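Visitor: Predicted model and sequence below, questions to follow.
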Amino acid sequence: MKRFPYPFRFQLATNDCAPACVMAIGDYHGVAVNIHQLRDALLADNAAGTAISNFQRLSTWFDVQLGRTDQNKPDLVTTPYIAYWPEQSHYVVVWRVTASTVILGDPAVGVVRMSRRDFSQSWNGIVIVLRPGDSSDPSFVRQPQHLGSLILRLFRPQWYRLALLAIPATALGILNAVFAVAFPYFLQNLAELVRFTLAFVAISLMLSVVTSGLTAFVKRRMALDIVRDLVPTLQYLSPQFYTVGDAYTRFQDVQHVVDAFTGLARDLPYALMIWIGALWYLTERASTVAAVMLGLLVAIIVCLSPFVRRVRNYFYLIRLRTANLNNLLVHSWGGRLDTIYTPWQELVTTTFRQALWNIPITTVMQQTSSLGIVAVGFFAGLHSHRFGMAPLLSLIFLVNYMIGATYALYQK
């Protein structure tokens with residue numbers, strides 16, 4: 001998801017993508033409209049959604065222009081404008097077009113960035129241009145909000161819960177790293193190794209139970225608080241516009257947001273501390289090894305970045321395909337199910353392509369354990385005298401923990 005400060009409205013029902021797009025453009029231009037007015041104007045047929053010609057009914061609020069342009073040249077039309085995706089029967093707001101990407105507001109997902117090629121494959125060139133009419137009010141224009149301010153507003157009441165979760169999670173991660181680094185020094189004394197291991201297991205079990213319990217508690221409280229903000233809006237929805245598919249989609253969105261933030265609370269402090277500690281440890285013993293490790297990690301990140309961007313784009317496409325399939329399932333319930341075969345096939349194919357692009361990422365990350373052995377080779381080769389086994393094993397485990405913490409953070 002790209003961080004851009006553009007107005008955005010979620011669609012509240014299957015057929016609300018067009019009204020949501022119009023409301024977002026209204027926020028941008030300072031035109032005050034509400035969802036009920038737009039539904040009356042745009043949704044002549046609830047089952048079919050919004051016909052393109054229905055946008056002419058918005059002349060009360062906007063100067064409306066409908067047209068068609070080259071689908072491979074989305075920059076020919078001055079932004080913002082509404083684009084139509086025929087395969088999904090879906091409307092999106094195009095906010096900005098660059099040489100390689102399109103930034104758009106998808107009422108089903110959010111403000112996202114996708115490649116021009118992917119956008120053109122979904123688009124048929126139809127555009128709806130809405131410009132301020134006589135009803136525009138400059139004082140009504142909403143100030144765009146950055147993602148950071150939206151996150152702070154949504155999660156400020158939750159900060160103490162996230163901080164509480166971070167404490168045992170970070171302690172558990174550091175404890176595991178300390179054990180991995182320290183236990184090689186106990187290998188020559190079995191009794192001390194057993195006592196050290198039993199103490200580690202006891203403390204680790206306690207921290208694991210506390211972390212798991214707090215994670216479940218924080219997820220529950222955060223999900224309830226977010227949904228509580230949605231309830232007043234959902235109460236105004238008419239059953240003819242609201243479907244089970246919409247409710248399930250919103251539930252998925254809330255769960256994904258909660259999982260992401262609780263995951264960051266668990267992993268971010270630990271990742272920062274393990275990196276600081278590991279770099280200090282390596283620098284104190286062999287600064288060249290630390291420099292080599294950083295260079296290798298930077299090279300890995302640079303090489304994998306194109307694959308990461310592609311996988312991220314497929315996440316969005318999968319989201320579109322899933323929403324489309326959910327809506328078709330609702331409409332086809334009790335009827336012919338063969339109509340969902342094509343969208344189901346598209347969803348499976350998109351998921352398969354994402355898995356293919358993800359192969360280099362998972363393969364490289366699974367092989368990064370060898371970096372610890374590489375570090376040991378540099379460490380031993382830089383010194384003429386012989387090292388014992390314990391420092392070398394500690395170095396291997398420490399580097400592997402650095403890589404593991406980085407990969408866990410990337411997954412969030």
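Guide: Yep, it's here. Residues are numbered from 1 along each chain as shown.
Visitor: In three-state terms, label Phe8 for me.
Guide: Following DSSP: H, G, I helix; E, B strand; the rest coil, we place Phe8 in the coil state.
Visitor: in stretch 32-39, what counts as buried?
Guide: Val33, Ile35, Gln37, Leu38, Arg39 (16 or more other CB atoms under 10 Å). Backbone N, C-alpha and C define where each C-beta goes, glycine included.
Visitor: So Ala163 versus Phe200, what's the distance?
Guide: As judged by CB to CB, to the nearest Å, Ala163 and Phe200 stand 25 Å apart.
Visitor: Then Val311?
Guide: For Val311 relative to Phe200 (CB to CB), the value is 36 Å.
Visitor: With Arg266 instead?
Guide: 20 Å.
Visitor: What segments of the stretch 1-150 of the chain are helices?
Guide: 17-29, 35-42, 116-122, 147-155 (DSSP state H, counting those that start in this stretch).
Visitor: just those helices: most buried one?
Guide: helix 17-29 (a mean of 25; mean count of other CB atoms under 10 Å).
Visitor: quick revisit: make JSON lines from the helices of the stretch 1-150 of the chain and add mean pLDDT to it.
Guide: Formatted as JSON lines, the helices of the stretch 1-150 of the chain follow (pLDDT from 0 to 100):
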{"stretch": "helix 17-29", "mean pLDDT": "88"}
{"stretch": "helix 35-42", "mean pLDDT": "82"}
{"stretch": "helix 116-122", "mean pLDDT": "85"}
{"stretch": "helix 147-155", "mean pLDDT": "58"}
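Visitor: Looking at these, which is nearest to Ser208?
Guide: helix 147-155 (25.2 Å; CB to CB).
Visitor: What is the subsequent helix or strand relative to the closest one?
Guide: helix 159-182 (DSSP states H and E).
Visitor: Convert that following helix to CSV, retaining C-alpha atoms only.
Guide: This file holds the C-alpha atoms of helix 159-182, laid out as CSV (Å, rounded to 0.1, in the frame of the first residue of the first chain):
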residue,chain,number,x,y,z
TRP,A,159,-0.5,2.7,22.3
TYR,A,160,-0.3,1.4,25.8
ARG,A,161,-1.6,-2.0,24.9
LEU,A,162,0.9,-2.3,22.0
ALA,A,163,3.7,-1.1,24.4
LEU,A,164,2.6,-3.7,27.0
LEU,A,165,2.7,-6.4,24.3
ALA,A,166,6.2,-5.3,23.1
ILE,A,167,7.8,-5.8,26.5
PRO,A,168,7.5,-9.6,26.9
ALA,A,169,7.8,-10.2,23.2
THR,A,170,11.1,-8.3,23.0
ALA,A,171,12.4,-9.9,26.2
LEU,A,172,11.6,-13.4,24.7
GLY,A,173,13.4,-12.6,21.5
ILE,A,174,16.5,-11.3,23.3
LEU,A,175,16.4,-14.3,25.7
ASN,A,176,16.5,-16.7,22.7
ALA,A,177,19.4,-14.8,21.1
VAL,A,178,21.3,-14.7,24.3
PHE,A,179,20.9,-18.4,24.8
ALA,A,180,22.0,-19.1,21.3
VAL,A,181,25.1,-17.0,21.7
ALA,A,182,26.0,-18.2,25.2
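Visitor: Compare neighbour counts for Ala163 and Phe200 and give me the winner.
Guide: Applying other CB atoms under 10 Å to Ala163 and Phe200 shows that Phe200 carries more neighbours, namely 17 against 11.
Visitor: wait, Ile340 sits on Leu325?
Guide: Yes: if you go by CB atoms under 8 Å, Ile340 and Leu325 touch, sitting 6.4 Å apart.
Visitor: residues shared between the contacts of these two?
Guide: Shared contacts of Ile340 and Leu325 (CB atoms under 8 Å, 6 or more residues apart in numbering): none.
Visitor: coming back round to it: could I get the buried residues of stretch 32-39 as a markdown table with distance to Tyr84?
Guide: Below are the buried residues of stretch 32-39 laid out as a markdown table (distance: CB to CB, whole Å):
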| residue | distance to Tyr84 |
| --- | --- |
| Val33 | 20 |
| Ile35 | 20 |
| Gln37 | 21 |
| Leu38 | 16 |
| Arg39 | 18 |
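Visitor: out of the residues you listed, which one sits closest to Ser204?
Guide: Among those, and counting by CB to CB, the member closest to Ser204 is Ile35, at 51.9 Å.
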